[in-house]
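S.K.: turn this into a structure:
(one chain, ligands or ions: 1)
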Amino acid sequence: SNFEDMTTRTIDLAVIPGDGIGPEVIAEAMKVMKRALQDEQAQVTFTEYPLGAQHWLETGETLTDETLASLRGHDAILFGAVGAAPGDTRIPSGLIERELLLKLRFSLDHYVNLRPSKLYEGVPSPLAAPGDVDFVVVREGTEGPYVGNGGAVRSGTDHEIATEVSVNTAYGVQRVVRDAFERASRRPRKKVTLVHKHNVLVHAGHLWKRTVEAVAADYPGIELDYMHVDAATIFMVTDPSRFDVIVTDNLFGDILTDLAGAVTGGIGLAASGNINMDRTAPSMFEPVHGSAPDIAGQQKADPTAAILSAALLLDHVGLPEAARRIEEAVEKDITSRAEMSDVRATAEVGDAIAALVA
Ligand code: GGG
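M.R.: Numbering: from 1, shown residues only. The predicted structure follows:
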């Protein structure tokens, strides 16, 4: 009816399933999302974009200006995984990662790379002291050594010189640091830990340290901590309950979040958001894992990371209740896994989580 049309909100999503296991896990994320929105005054539409290594092989295109412009028109992007199969020499190394994934993150100004880590009950973990592991890493997403500022001279000779310059701007650092404090202020622990290496990387390190101290002055209720990145890798394994919100640069964040994923149940559970908090372009949500071509098409992949990424997406587009219900369903499903002897297919995990979305 017209009345329903007026009150039902439609979330218009772009979906990039990608390569390998991407399409399998994204199908489950879409299933769970639709189920979660049934009880909300919201519905979701999906527009699929066939991008990735396979698409490049078929068309020679990574991400055209037209496709990028079209993606900008959506409320958010749900992304699976992209990558060439190992040994596929037809695809230049790093092409898809740089020309598709990094291009999306940079073009859409995804300056907050959000990676939550939680050790759910029943998940086996190699942690020295599991404690209460529930932290988020706010990784800067548009700067650092990932911007491609560098080059090589005397290439291929014994005297080759290669540089990869880490770019850190006052503007870029302050906006991600502010986001970390905002997130900490909404969490019970209310603690921000800056992770860097300012004893050695003095130029960038001091910009980060000064920025964090300046922003902290606006958030008197938040505890501030600092850790060198090497120490942070130790504490992530020996005492991760120290962490609440970690803010760090692009490279340190990339490495630390893989470690965090490994100690909290593996890459099959690790979700992420590439977020433009100014909302000048759509944000993009994706499992941390890659395309795993060795198990593609076999229904062996765990869709949980993709499903948790969908929950982050719903939270970002203003449906926190639906997001919370998905997270709770995932938590219940994960807890029940300890009692399971059989290995479930990708779609069975998606069905189980969809059924648990109360
Ligand atoms: N969802 C993250 C993603 O797709 N990352 C790209 C990547 O890691 N590609 C390499 C691969 O698929 O193995």
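S.K.: the strand ranked longest in the chain pairs with which strands, and in what direction?
M.R.: Among the elements of the chain assigned as strand by DSSP state E, the one spanning the most residues is strand 9-18. Strand 9-18 has these partner strands in its sheet, going by DSSP bridges: strand 42-48 (parallel), strand 76-81 (parallel).
S.K.: list the contacts for the residue nearest to residue 109 when sequence neighbours are not counted?
M.R.: Nearest residue to residue 109 in three dimensions, chain neighbours excluded: residue 276, at 4.9 Å (Cβ to Cβ, 6 or more residues apart in numbering). The way it works is simple: take the backbone N, C-alpha and C, and place the C-beta from them, glycine included. Listed by Cβ atoms under 8 Å, 6 or more residues apart in numbering, the contact set of residue 276 reads 108, 109, 110, 111, 112, 282, 283.
S.K.: any idea how many residues pack against residue 319?
M.R.: Burial measure for residue 319: 23 neighbouring residues, criterion other Cβ atoms under 10 Å.
S.K.: just use 116 as the starting number from now, easier for me
M.R.: Understood, numbering begins at 116; the last thing we discussed is residue 434.
S.K.: the stretch 116-265 of the chain against the ligand: which residues are in contact?
M.R.: Taking Cβ under 6 Å from any ligand atom as the criterion, the stretch 116-265 of the chain approaches the ligand at residues 196, 197, 198, 212, 216.
S.K.: residues contacting the closest residue to residue 186 other than its chain neighbours?
M.R.: Distances taken as Cβ to Cβ, 6+ apart put residue 129 closest to residue 186, at 5.2 Å, once the chain neighbours are dropped. With contact set as Cβ under 8 Å, 6+ apart, residue 129 has these partners: 161, 162, 163, 164, 185, 186, 189, 191, 192, 193, 397.
S.K.: so what pairs up with residue 129 in the strands?
M.R.: residue 162, residue 192.
S.K.: what separation is there between the closest residue to residue 423 other than its chain neighbours and the ligand?
M.R.: Spatial nearest neighbour of residue 423, chain neighbours left out: residue 386 (3.5 Å); criterion: Cβ to Cβ, 6+ apart. Remark: distance between residue 386 and the ligand (Cβ to the nearest ligand atom, to the nearest Å) = 10 Å.
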